[in-house]
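In: Pasting the sequence and the predicted model now:
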Amino acid sequence: MFCPGLPLARKRLRAVETRVQSHAEVKFQDIRLYLVEKKMGSSRRNFLTHLARSKGFCVEDVLSNEVTHVVSEDHQASALWAWLKGRGLKDPLKTQVLDISWFTDSMGAGKPVAVESRHLILDTLPILQDSTPTPVTVSQYACQRRTTLENHNKIFTDAFEVLAENYEFNEIAGQCLAFRRAASVLKSLPWVVERLRAVQDMPWLGDHTQGVIKEILQCGRAFEVEKILSDERYQTLKLFTSVFGVGPKTAEKWYRRGLRSFTDVLAEPSIHLNRMQQSGFLHHGDISMAVSKAEAQALGNIIEEVARAITPAGRLTLTGGFSRGKEFGHDVDFILTTPELGMEEPLLLAVIDRLKQQGILLFCDYHASSFDMGKLPCHRFEAMDHFAKGFLILRLEGSQVEGQELQRAEGDNRGWRAVRVDLVSPPMDRYAFAVLGWTGSRQFERDLRKFARVERKMLLDNHMLYDKTKKQFLEANDEKDIFAHLGLEYTEPWQRNA
(Lines give C-alpha, C1' and ligand atoms only; values in the text may rest on other atoms or scores of the structure.)
Protein backbone atom coordinates (compact mmCIF):
# COMPACT_ATOMS: atom_id res chain seq x y z
CA MET A 1 0.00 0.00 0.00
CA PHE A 2 1.34 3.42 -0.95
CA CYS A 3 2.18 5.56 2.07
CA PRO A 4 2.58 9.24 1.07
CA GLY A 5 4.22 10.18 4.37
CA LEU A 6 7.19 7.78 4.20
CA PRO A 7 9.47 9.65 1.72
CA LEU A 8 8.86 12.88 3.61
CA ALA A 9 9.87 11.21 6.87
CA ARG A 10 13.11 9.97 5.28
CA LYS A 11 13.92 13.47 3.98
CA ARG A 12 13.33 14.94 7.43
CA LEU A 13 15.56 12.31 9.02
CA ARG A 14 18.39 13.04 6.54
CA ALA A 15 18.06 16.78 7.19
CA VAL A 16 18.33 16.19 10.93
CA GLU A 17 21.45 14.01 10.41
CA THR A 18 23.06 16.74 8.29
CA ARG A 19 22.36 19.37 10.95
CA VAL A 20 23.84 17.14 13.65
CA GLN A 21 27.01 16.51 11.63
CA SER A 22 27.44 20.18 10.78
CA HIS A 23 27.54 20.98 14.49
CA ALA A 24 30.15 18.28 15.28
CA GLU A 25 33.39 19.54 16.82
CA VAL A 26 36.05 20.33 14.23
CA LYS A 27 39.45 19.29 15.61
CA PHE A 28 41.56 19.92 12.51
CA GLN A 29 40.91 23.52 11.51
CA ASP A 30 43.48 23.62 8.69
CA ILE A 31 41.98 20.64 6.81
CA ARG A 32 38.85 20.84 4.66
CA LEU A 33 37.93 17.67 2.81
CA TYR A 34 35.82 17.12 -0.26
CA LEU A 35 34.88 13.56 -1.25
CA VAL A 36 34.32 13.01 -4.97
CA GLU A 37 31.00 11.20 -5.37
CA LYS A 38 31.67 9.82 -8.85
CA LYS A 39 32.67 6.13 -8.66
CA MET A 40 32.22 6.35 -4.86
CA GLY A 41 28.43 6.62 -4.96
CA SER A 42 26.19 8.81 -2.83
CA SER A 43 25.52 6.24 -0.10
CA ARG A 44 29.19 5.47 0.51
CA ARG A 45 30.05 9.17 0.27
CA ASN A 46 27.45 9.97 2.96
CA PHE A 47 28.80 7.20 5.19
CA LEU A 48 32.41 8.37 4.81
CA THR A 49 31.37 11.98 5.35
CA HIS A 50 29.64 11.06 8.60
CA LEU A 51 32.67 8.99 9.69
CA ALA A 52 35.11 11.82 9.01
CA ARG A 53 32.98 14.41 10.78
CA SER A 54 32.61 12.15 13.81
CA LYS A 55 36.41 12.11 14.10
CA GLY A 56 36.70 15.89 13.98
CA PHE A 57 37.34 16.45 10.26
CA CYS A 58 35.64 19.25 8.35
CA VAL A 59 34.00 17.81 5.24
CA GLU A 60 32.57 20.20 2.65
CA ASP A 61 29.47 19.23 0.70
CA VAL A 62 30.47 21.50 -2.20
CA LEU A 63 33.88 21.84 -3.88
CA SER A 64 35.19 25.37 -3.35
CA ASN A 65 38.42 27.32 -3.01
CA GLU A 66 38.37 26.61 0.76
CA VAL A 67 38.86 22.87 0.18
CA THR A 68 42.40 21.70 0.97
CA HIS A 69 42.11 17.94 0.26
CA VAL A 70 40.12 16.32 -2.54
CA VAL A 71 39.65 12.56 -2.00
CA SER A 72 38.71 10.20 -4.85
CA GLU A 73 38.05 6.47 -4.96
CA ASP A 74 38.71 4.16 -7.89
CA HIS A 75 39.03 7.03 -10.32
CA GLN A 76 41.24 7.43 -13.39
CA ALA A 77 43.65 10.31 -12.86
CA SER A 78 43.10 11.87 -16.30
CA ALA A 79 39.32 11.92 -15.89
CA LEU A 80 39.59 13.30 -12.35
CA TRP A 81 41.91 16.16 -13.34
CA ALA A 82 39.69 16.98 -16.33
CA TRP A 83 36.69 17.17 -13.98
CA LEU A 84 38.58 19.37 -11.50
CA LYS A 85 39.75 21.66 -14.29
CA GLY A 86 36.14 22.50 -15.06
CA ARG A 87 35.23 23.40 -11.48
CA GLY A 88 36.66 26.93 -11.71
CA LEU A 89 39.05 26.76 -8.73
CA LYS A 90 41.16 29.89 -8.33
CA ASP A 91 44.37 28.07 -7.45
CA PRO A 92 44.10 24.30 -8.00
CA LEU A 93 47.80 23.87 -7.13
CA LYS A 94 47.00 24.56 -3.47
CA THR A 95 44.54 21.65 -3.34
CA GLN A 96 45.91 18.19 -2.61
CA VAL A 97 44.23 15.54 -4.74
CA LEU A 98 44.50 12.21 -2.98
CA ASP A 99 43.55 8.58 -3.30
CA ILE A 100 41.05 7.09 -0.82
CA SER A 101 43.99 5.30 0.86
CA TRP A 102 45.00 8.60 2.52
CA PHE A 103 41.45 8.99 3.87
CA THR A 104 41.42 5.40 5.18
CA ASP A 105 44.82 5.84 6.87
CA SER A 106 43.67 9.10 8.45
CA MET A 107 40.46 7.56 9.77
CA GLY A 108 42.44 4.69 11.28
CA ALA A 109 44.83 7.13 12.96
CA GLY A 110 42.04 9.44 14.06
CA LYS A 111 43.93 12.40 12.60
CA PRO A 112 45.29 13.60 9.22
CA VAL A 113 48.32 11.45 8.35
CA ALA A 114 51.31 12.74 6.39
CA VAL A 115 50.81 12.53 2.64
CA GLU A 116 53.05 9.90 1.05
CA SER A 117 53.77 9.08 -2.59
CA ARG A 118 51.29 6.19 -2.57
CA HIS A 119 48.51 8.58 -1.61
CA LEU A 120 49.00 10.84 -4.62
CA ILE A 121 47.09 10.78 -7.88
CA LEU A 122 49.97 11.74 -10.19
CA ASP A 123 49.56 9.76 -13.40
CA THR A 124 48.95 12.92 -15.37
CA LEU A 125 48.25 16.54 -14.54
CA PRO A 126 46.02 18.11 -17.21
CA ILE A 127 44.99 20.79 -14.75
CA LEU A 128 48.62 21.94 -14.62
CA GLN A 129 49.06 21.97 -18.39
CA ASP A 130 48.03 24.34 -21.12
CA SER A 131 46.39 22.73 -24.14
CA THR A 132 48.72 24.78 -26.35
CA PRO A 133 51.90 25.40 -24.33
CA THR A 134 54.27 28.07 -25.53
CA PRO A 135 57.55 26.45 -26.63
CA VAL A 136 60.55 27.65 -24.63
CA THR A 137 64.11 27.21 -25.92
CA VAL A 138 66.70 26.80 -23.19
CA SER A 139 70.36 26.16 -23.94
CA GLN A 140 72.00 23.10 -22.43
CA TYR A 141 74.95 25.33 -21.49
CA ALA A 142 74.72 27.61 -18.45
CA CYS A 143 77.16 29.99 -20.18
CA GLN A 144 74.44 30.67 -22.79
CA ARG A 145 71.77 31.37 -20.18
CA ARG A 146 71.37 34.55 -18.15
CA THR A 147 70.99 33.57 -14.49
CA THR A 148 70.52 36.36 -11.97
CA LEU A 149 70.02 36.09 -8.22
CA GLU A 150 66.26 36.36 -8.74
CA ASN A 151 65.33 32.69 -8.52
CA HIS A 152 61.64 32.23 -9.38
CA ASN A 153 61.74 28.48 -8.71
CA LYS A 154 63.45 28.25 -5.33
CA ILE A 155 61.03 25.61 -4.04
CA PHE A 156 62.32 23.23 -6.73
CA THR A 157 66.00 24.22 -6.74
CA ASP A 158 66.25 23.95 -2.94
CA ALA A 159 64.98 20.38 -3.20
CA PHE A 160 67.45 19.62 -6.01
CA GLU A 161 70.35 21.02 -3.95
CA VAL A 162 69.53 18.70 -1.05
CA LEU A 163 69.38 15.71 -3.39
CA ALA A 164 72.65 16.72 -5.07
CA GLU A 165 74.41 17.12 -1.73
CA ASN A 166 73.15 13.73 -0.55
CA TYR A 167 74.45 12.07 -3.73
CA GLU A 168 77.77 13.84 -3.18
CA PHE A 169 77.95 12.40 0.35
CA ASN A 170 77.28 8.97 -1.15
CA GLU A 171 79.94 9.52 -3.85
CA ILE A 172 77.42 9.12 -6.69
CA ALA A 173 78.88 11.79 -8.96
CA GLY A 174 76.54 11.29 -11.92
CA GLN A 175 73.31 11.85 -9.97
CA CYS A 176 74.87 14.72 -8.04
CA LEU A 177 75.75 16.49 -11.28
CA ALA A 178 72.33 15.70 -12.79
CA PHE A 179 70.47 17.53 -10.01
CA ARG A 180 72.91 20.46 -10.04
CA ARG A 181 72.39 20.83 -13.78
CA ALA A 182 68.63 20.64 -13.34
CA ALA A 183 68.74 23.29 -10.60
CA SER A 184 70.85 25.49 -12.86
CA VAL A 185 68.25 25.32 -15.63
CA LEU A 186 65.36 26.24 -13.32
CA LYS A 187 67.33 29.13 -11.79
CA SER A 188 67.68 30.69 -15.23
CA LEU A 189 63.95 30.77 -15.96
CA PRO A 190 62.42 34.28 -15.68
CA TRP A 191 59.05 32.81 -14.66
CA VAL A 192 57.59 30.40 -12.11
CA VAL A 193 57.11 26.78 -13.16
CA GLU A 194 53.42 26.02 -12.57
CA ARG A 195 52.90 23.33 -15.21
CA LEU A 196 54.87 20.16 -15.65
CA ARG A 197 54.67 20.37 -19.41
CA ALA A 198 56.46 23.72 -19.30
CA VAL A 199 59.73 21.95 -18.41
CA GLN A 200 59.32 18.57 -20.12
CA ASP A 201 61.40 19.48 -23.17
CA MET A 202 64.10 21.39 -21.29
CA PRO A 203 67.69 20.08 -21.06
CA TRP A 204 68.87 18.19 -17.99
CA LEU A 205 65.35 17.62 -16.63
CA GLY A 206 64.97 13.85 -16.72
CA ASP A 207 62.46 11.45 -15.19
CA HIS A 208 63.83 11.71 -11.65
CA THR A 209 63.95 15.51 -11.58
CA GLN A 210 60.53 15.79 -13.22
CA GLY A 211 59.15 13.37 -10.64
CA VAL A 212 60.36 15.68 -7.88
CA ILE A 213 58.81 18.69 -9.63
CA LYS A 214 55.55 16.78 -10.02
CA GLU A 215 55.36 15.96 -6.31
CA ILE A 216 56.06 19.54 -5.32
CA LEU A 217 53.43 20.87 -7.74
CA GLN A 218 50.93 18.38 -6.37
CA CYS A 219 51.47 18.62 -2.62
CA GLY A 220 54.00 21.37 -1.99
CA ARG A 221 56.91 19.14 -0.99
CA ALA A 222 59.08 16.24 -2.14
CA PHE A 223 58.97 13.15 0.04
CA GLU A 224 62.46 11.97 -0.96
CA VAL A 225 63.89 15.29 0.21
CA GLU A 226 62.00 15.15 3.51
CA LYS A 227 63.37 11.66 4.11
CA ILE A 228 66.94 12.85 3.46
CA LEU A 229 66.61 15.88 5.74
CA SER A 230 65.49 13.65 8.62
CA ASP A 231 68.25 11.08 8.01
CA GLU A 232 70.85 10.91 10.80
CA ARG A 233 73.74 10.19 8.46
CA TYR A 234 72.93 13.16 6.20
CA GLN A 235 72.56 15.50 9.18
CA THR A 236 75.84 14.31 10.70
CA LEU A 237 77.84 14.58 7.47
CA LYS A 238 76.43 18.05 6.85
CA LEU A 239 77.44 19.07 10.37
CA PHE A 240 80.98 17.73 10.07
CA THR A 241 81.60 19.16 6.58
CA SER A 242 80.61 22.61 7.88
CA VAL A 243 84.01 22.62 9.63
CA PHE A 244 86.83 24.29 7.70
CA GLY A 245 89.21 21.54 6.58
CA VAL A 246 86.74 18.63 6.86
CA GLY A 247 85.64 17.05 3.58
CA PRO A 248 83.01 14.36 2.86
CA LYS A 249 85.50 11.47 3.18
CA THR A 250 86.72 12.56 6.61
CA ALA A 251 83.14 13.21 7.73
CA GLU A 252 82.11 9.73 6.56
CA LYS A 253 85.05 8.16 8.40
CA TRP A 254 84.05 9.90 11.64
CA TYR A 255 80.42 8.89 11.17
CA ARG A 256 81.34 5.22 10.70
CA ARG A 257 83.27 5.36 13.94
CA GLY A 258 80.04 6.27 15.71
CA LEU A 259 80.77 9.98 16.16
CA ARG A 260 77.71 12.22 15.88
CA SER A 261 78.69 15.63 17.27
CA PHE A 262 81.61 18.04 17.58
CA THR A 263 81.91 16.98 21.21
CA ASP A 264 82.31 13.36 20.13
CA VAL A 265 85.07 14.28 17.68
CA LEU A 266 87.00 16.52 20.05
CA ALA A 267 86.76 13.99 22.87
CA GLU A 268 88.02 11.06 20.77
CA PRO A 269 91.72 10.60 21.66
CA SER A 270 92.56 8.63 18.51
CA ILE A 271 91.56 11.50 16.20
CA HIS A 272 94.41 13.86 15.36
CA LEU A 273 93.18 17.06 13.73
CA ASN A 274 95.44 18.85 11.24
CA ARG A 275 96.12 22.59 11.55
CA MET A 276 93.26 23.55 9.25
CA GLN A 277 90.76 21.41 11.14
CA GLN A 278 91.96 22.72 14.49
CA SER A 279 91.33 26.29 13.30
CA GLY A 280 88.04 25.17 11.76
CA PHE A 281 86.74 23.96 15.13
CA LEU A 282 88.24 26.91 17.03
CA HIS A 283 86.53 29.50 14.82
CA HIS A 284 83.52 27.45 13.70
CA GLY A 285 80.97 29.79 15.28
CA ASP A 286 82.28 32.70 13.21
CA ILE A 287 83.19 31.11 9.90
CA SER A 288 79.98 29.07 9.72
CA MET A 289 78.02 32.35 9.76
CA ALA A 290 77.36 34.29 6.58
CA VAL A 291 79.77 37.06 5.60
CA SER A 292 78.10 40.29 4.51
CA LYS A 293 79.11 42.32 1.47
CA ALA A 294 80.09 45.20 3.77
CA GLU A 295 82.42 42.85 5.67
CA ALA A 296 83.91 41.60 2.40
CA GLN A 297 84.54 45.18 1.27
CA ALA A 298 86.14 46.01 4.62
CA LEU A 299 88.54 43.08 4.23
CA GLY A 300 89.29 44.19 0.68
CA ASN A 301 90.21 47.65 1.94
CA ILE A 302 92.58 46.15 4.52
CA ILE A 303 94.35 43.86 2.05
CA GLU A 304 94.53 46.51 -0.68
CA GLU A 305 96.09 49.02 1.72
CA VAL A 306 98.70 46.43 2.72
CA ALA A 307 99.41 45.49 -0.92
CA ARG A 308 99.74 49.14 -2.03
CA ALA A 309 102.19 49.79 0.80
CA ILE A 310 104.36 46.99 -0.60
CA THR A 311 103.98 47.93 -4.27
CA PRO A 312 101.78 50.77 -5.60
CA ALA A 313 101.14 48.75 -8.74
CA GLY A 314 99.51 45.89 -6.79
CA ARG A 315 96.06 44.97 -8.01
CA LEU A 316 93.30 43.38 -5.89
CA THR A 317 90.03 42.08 -7.37
CA LEU A 318 87.03 40.74 -5.47
CA THR A 319 85.71 37.56 -7.09
CA GLY A 320 83.33 34.73 -6.11
CA GLY A 321 79.72 35.24 -5.10
CA PHE A 322 80.15 38.88 -4.09
CA SER A 323 81.31 39.77 -7.61
CA ARG A 324 78.09 38.11 -8.87
CA GLY A 325 75.98 40.47 -6.78
CA LYS A 326 75.40 38.42 -3.64
CA GLU A 327 74.86 40.29 -0.39
CA PHE A 328 76.11 37.36 1.72
CA GLY A 329 78.59 34.51 1.26
CA HIS A 330 80.45 31.85 3.24
CA ASP A 331 83.92 33.29 2.54
CA VAL A 332 85.66 36.03 0.53
CA ASP A 333 87.80 35.42 -2.58
CA PHE A 334 90.38 37.87 -3.93
CA ILE A 335 92.76 37.85 -6.90
CA LEU A 336 96.00 39.65 -6.05
CA THR A 337 98.59 40.42 -8.73
CA THR A 338 101.11 42.92 -10.01
CA PRO A 339 102.13 43.99 -13.56
CA GLU A 340 105.70 42.82 -12.92
CA LEU A 341 105.83 39.19 -14.03
CA GLY A 342 107.43 36.88 -11.51
CA MET A 343 106.74 39.24 -8.58
CA GLU A 344 103.15 38.13 -7.90
CA GLU A 345 104.17 35.34 -5.50
CA PRO A 346 106.59 37.52 -3.48
CA LEU A 347 103.80 40.10 -3.24
CA LEU A 348 101.40 37.51 -1.83
CA LEU A 349 103.97 36.33 0.71
CA ALA A 350 104.69 39.91 1.74
CA VAL A 351 100.98 40.66 2.18
CA ILE A 352 100.50 37.57 4.34
CA ASP A 353 103.54 38.50 6.44
CA ARG A 354 102.23 42.07 6.92
CA LEU A 355 98.79 40.76 7.98
CA LYS A 356 100.55 38.57 10.52
CA GLN A 357 102.51 41.54 11.86
CA GLN A 358 99.26 43.48 12.28
CA GLY A 359 97.90 40.67 14.43
CA ILE A 360 94.88 39.93 12.24
CA LEU A 361 96.09 36.68 10.64
CA LEU A 362 94.48 33.87 12.66
CA PHE A 363 95.37 31.06 10.25
CA CYS A 364 97.23 30.60 6.97
CA ASP A 365 97.57 27.59 4.68
CA TYR A 366 99.97 28.73 1.96
CA HIS A 367 100.39 26.91 -1.37
CA ALA A 368 103.41 27.92 -3.42
CA SER A 369 103.01 28.36 -7.17
CA SER A 370 103.47 25.28 -9.32
CA PHE A 371 102.37 27.06 -12.49
CA ASP A 372 104.44 26.14 -15.53
CA MET A 373 103.35 27.39 -18.95
CA GLY A 374 105.55 24.71 -20.50
CA LYS A 375 103.21 22.00 -19.15
CA LEU A 376 100.17 23.51 -20.86
CA PRO A 377 97.76 22.80 -22.38
CA CYS A 378 96.47 20.30 -19.87
CA HIS A 379 93.83 18.03 -21.41
CA ARG A 380 92.44 17.07 -18.01
CA PHE A 381 90.79 19.76 -15.89
CA GLU A 382 92.04 20.01 -12.32
CA ALA A 383 89.77 21.43 -9.64
CA MET A 384 92.57 23.48 -8.09
CA ASP A 385 94.73 25.76 -10.23
CA HIS A 386 98.50 26.03 -9.90
CA PHE A 387 98.83 29.70 -8.88
CA ALA A 388 100.26 30.75 -5.53
CA LYS A 389 97.45 31.02 -3.00
CA GLY A 390 96.72 31.38 0.68
CA PHE A 391 93.67 30.03 2.51
CA LEU A 392 93.35 32.41 5.42
CA ILE A 393 91.27 33.21 8.46
CA LEU A 394 91.42 36.92 9.27
CA ARG A 395 90.30 38.90 12.30
CA LEU A 396 87.88 41.67 11.30
CA GLU A 397 87.12 44.47 13.76
CA GLY A 398 83.60 45.89 13.87
CA SER A 399 84.99 49.42 13.57
CA GLN A 400 86.41 48.54 10.14
CA VAL A 401 82.99 47.74 8.65
CA GLU A 402 81.11 50.71 7.27
CA GLY A 403 77.36 51.11 7.51
CA GLN A 404 76.46 48.00 9.50
CA GLU A 405 77.36 45.81 12.45
CA LEU A 406 79.34 42.59 12.29
CA GLN A 407 77.48 39.34 11.64
CA ARG A 408 77.55 37.71 15.06
CA ALA A 409 75.71 35.03 16.98
CA GLU A 410 73.09 36.17 19.46
CA GLY A 411 74.71 37.07 22.78
CA ASP A 412 78.19 37.48 21.24
CA ASN A 413 79.49 40.82 22.51
CA ARG A 414 82.96 40.68 20.98
CA GLY A 415 83.97 43.60 18.82
CA TRP A 416 85.46 41.35 16.13
CA ARG A 417 84.83 38.16 14.19
CA ALA A 418 86.85 35.62 12.20
CA VAL A 419 86.32 35.47 8.42
CA ARG A 420 87.54 32.98 5.82
CA VAL A 421 89.53 34.62 3.00
CA ASP A 422 91.11 33.07 -0.10
CA LEU A 423 93.96 35.03 -1.74
CA VAL A 424 95.08 33.86 -5.19
CA SER A 425 98.07 35.39 -7.00
CA PRO A 426 98.39 34.65 -10.76
CA PRO A 427 100.87 36.27 -13.15
CA MET A 428 99.38 39.35 -14.82
CA ASP A 429 99.24 37.67 -18.24
CA ARG A 430 97.06 34.92 -16.65
CA TYR A 431 94.93 37.42 -14.73
CA ALA A 432 91.85 37.33 -17.02
CA PHE A 433 91.64 33.53 -16.90
CA ALA A 434 92.04 33.46 -13.11
CA VAL A 435 89.33 36.10 -12.58
CA LEU A 436 86.94 34.24 -14.88
CA GLY A 437 87.58 30.93 -13.13
CA TRP A 438 87.24 32.29 -9.59
CA THR A 439 84.15 34.38 -10.31
CA GLY A 440 81.95 31.29 -10.77
CA SER A 441 79.40 30.00 -10.35
CA ARG A 442 80.67 26.42 -10.34
CA GLN A 443 78.04 25.25 -12.84
CA PHE A 444 78.62 28.26 -15.08
CA GLU A 445 82.36 27.51 -15.17
CA ARG A 446 81.77 23.80 -15.77
CA ASP A 447 79.51 24.51 -18.75
CA LEU A 448 81.82 27.21 -20.09
CA ARG A 449 84.68 24.70 -20.21
CA LYS A 450 82.43 22.09 -21.80
CA PHE A 451 81.18 24.59 -24.40
CA ALA A 452 84.78 25.48 -25.28
CA ARG A 453 85.75 21.83 -25.63
CA VAL A 454 82.67 20.48 -27.46
CA GLU A 455 81.49 23.44 -29.52
CA ARG A 456 84.74 25.28 -30.22
CA LYS A 457 87.42 22.56 -29.99
CA MET A 458 89.26 24.61 -27.38
CA LEU A 459 90.61 23.95 -23.89
CA LEU A 460 89.80 26.43 -21.13
CA ASP A 461 90.83 26.54 -17.48
CA ASN A 462 92.02 29.09 -14.92
CA HIS A 463 95.40 29.30 -16.68
CA MET A 464 94.72 29.59 -20.41
CA LEU A 465 92.53 29.18 -23.52
CA TYR A 466 94.00 26.86 -26.15
CA ASP A 467 92.70 26.39 -29.71
CA LYS A 468 93.23 22.71 -30.55
CA THR A 469 92.49 23.27 -34.24
CA LYS A 470 95.06 26.04 -34.67
CA LYS A 471 97.31 24.57 -31.98
CA GLN A 472 97.89 27.91 -30.32
CA PHE A 473 97.24 29.73 -27.06
CA LEU A 474 94.80 32.66 -27.23
CA GLU A 475 95.72 35.76 -25.24
CA ALA A 476 93.23 37.77 -23.17
CA ASN A 477 93.53 41.05 -21.29
CA ASP A 478 90.13 40.67 -19.65
CA GLU A 479 87.12 38.35 -19.47
CA LYS A 480 85.49 39.93 -22.54
CA ASP A 481 88.42 38.79 -24.68
CA ILE A 482 87.83 35.19 -23.57
CA PHE A 483 84.12 35.33 -24.43
CA ALA A 484 84.99 36.83 -27.82
CA HIS A 485 87.44 34.01 -28.57
CA LEU A 486 84.68 31.52 -27.75
CA GLY A 487 82.15 33.30 -29.96
CA LEU A 488 79.89 33.91 -26.96
CA GLU A 489 77.98 37.04 -26.06
CA TYR A 490 79.58 38.49 -22.94
CA THR A 491 77.80 37.51 -19.73
CA GLU A 492 78.07 39.97 -16.86
CA PRO A 493 79.17 38.46 -13.52
CA TRP A 494 75.75 39.15 -11.97
CA GLN A 495 74.22 36.98 -14.73
CA ARG A 496 76.39 33.94 -13.93
CA ASN A 497 74.53 32.69 -10.83
CA ALA A 498 73.92 29.27 -12.32
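Out: That came in fine, so what should we check first? Numbering: from 1, shown residues only.
In: For the stretch 201-350 of the chain, which segments are assigned as helices?
Out: Using DSSP state H, counting those that start in this stretch, the helices of the stretch 201-350 of the chain run over 207-219, 223-229, 232-241, 248-256, 262-267, 275-282, 284-287, 293-310, 320-323, 344-357.
In: The third one: which residues count as buried?
Out: In terms of neighbour count (16 or more other CB atoms under 10 Å), helix 232-241 has its buried residues at Arg233, Tyr234, Thr236, Leu237, Lys238, Leu239, Phe240, Thr241. Bear in mind the C-beta positions are built from the backbone N, C-alpha and C, glycine included.
In: Also stretch 470-484?
Out: Of the residues in stretch 470-484, those buried (16+ other CB under 10 Å) are Leu474, Ala476, Glu479, Asp481, Ile482, Phe483.
In: ok, now stretch 360-379?
Out: For stretch 360-379, the buried set under the neighbour-count rule, 16+ other CB under 10 Å, comprises Ile360, Leu361, Leu362, Phe363, Cys364, Asp365, Ser369, Phe371, Pro377.
In: Stretch 167-176 now?
Out: Applying 16+ other CB under 10 Å to stretch 167-176 flags Tyr167, Glu168, Phe169, Cys176 as buried.
In: Which of these fall within strands?
Out: With strands defined by DSSP state E, no entry of these lies inside them.
In: Farthest pair within those?
Out: Phe169 and Cys176 (9.0 Å; CB to CB).
In: now this structure, which segments are flagged as low pLDDT?
Out: By pLDDT under 70, the low-scoring segments of the chain are 1-24, 74-78, 90-94, 117, 122-136.
In: the domain parsing of it - what is it?
Out: Domains of the chain are assigned by automatic domain parsing as 24-128, 142-228, 231-282, 291-432, 442-495.
In: now the end-to-end length of the second one.
Out: It refers to domain 142-228. 28 Å (CA to CA, to the nearest Å).
In: Could you give the separation of that domain from the chain centroid?
Out: Its chain's C-alpha centre and that of domain 142-228 lie 9 Å apart, by CA atoms, centre = their mean, to the nearest Å.
In: what kind of secondary structure is Glu37 in?
Out: coil (DSSP: H, G, I helix; E, B strand; the rest coil).
In: How are the strands of the protein distributed by residue range?
Out: 32-35, 58-59, 69-72, 96-99, 291-292, 315-319, 328-329, 332-337, 361-367, 388-397, 416-425, 458-460, 465-467, 472-473.
In: strand partners of the last one, parallel vs antiparallel please.
Out: In other words, strand 472-473. strand 465-467 (antiparallel) (DSSP bridges).
In: how about the strand it pairs with: buried residues?
Out: Leu465, Tyr466, Asp467.
In: what's next to it, contact-wise?
Out: Residues from elsewhere that reach strand 465-467 (CB atoms under 8 Å, 6 or more residues apart in numbering): 376-377, 433, 452, 456-460, 472-474, 476, 482, 485-486.
In: hmm, 7 Å instead?
Out: Applying CB atoms under 7 Å, 6 or more residues apart in numbering, the contact partners of strand 465-467 are Pro377, Phe433, Met458, Leu459, Phe473, Leu474, Ala476, Ile482, His485.
In: go on, stretch 340-357?
Out: 303, 306-307, 310-311, 313-314, 336-338, 361, 364, 366, 369, 388, 390, 394, 423, 425-429.
In: 8 Å - rerun?
Out: The contact list for stretch 340-357, computed with CB under 8 Å, 6+ apart, reads 302-303, 306-307, 309-311, 313-314, 336-338, 361, 364, 366, 368-369, 387-390, 392, 394, 423, 425-429.
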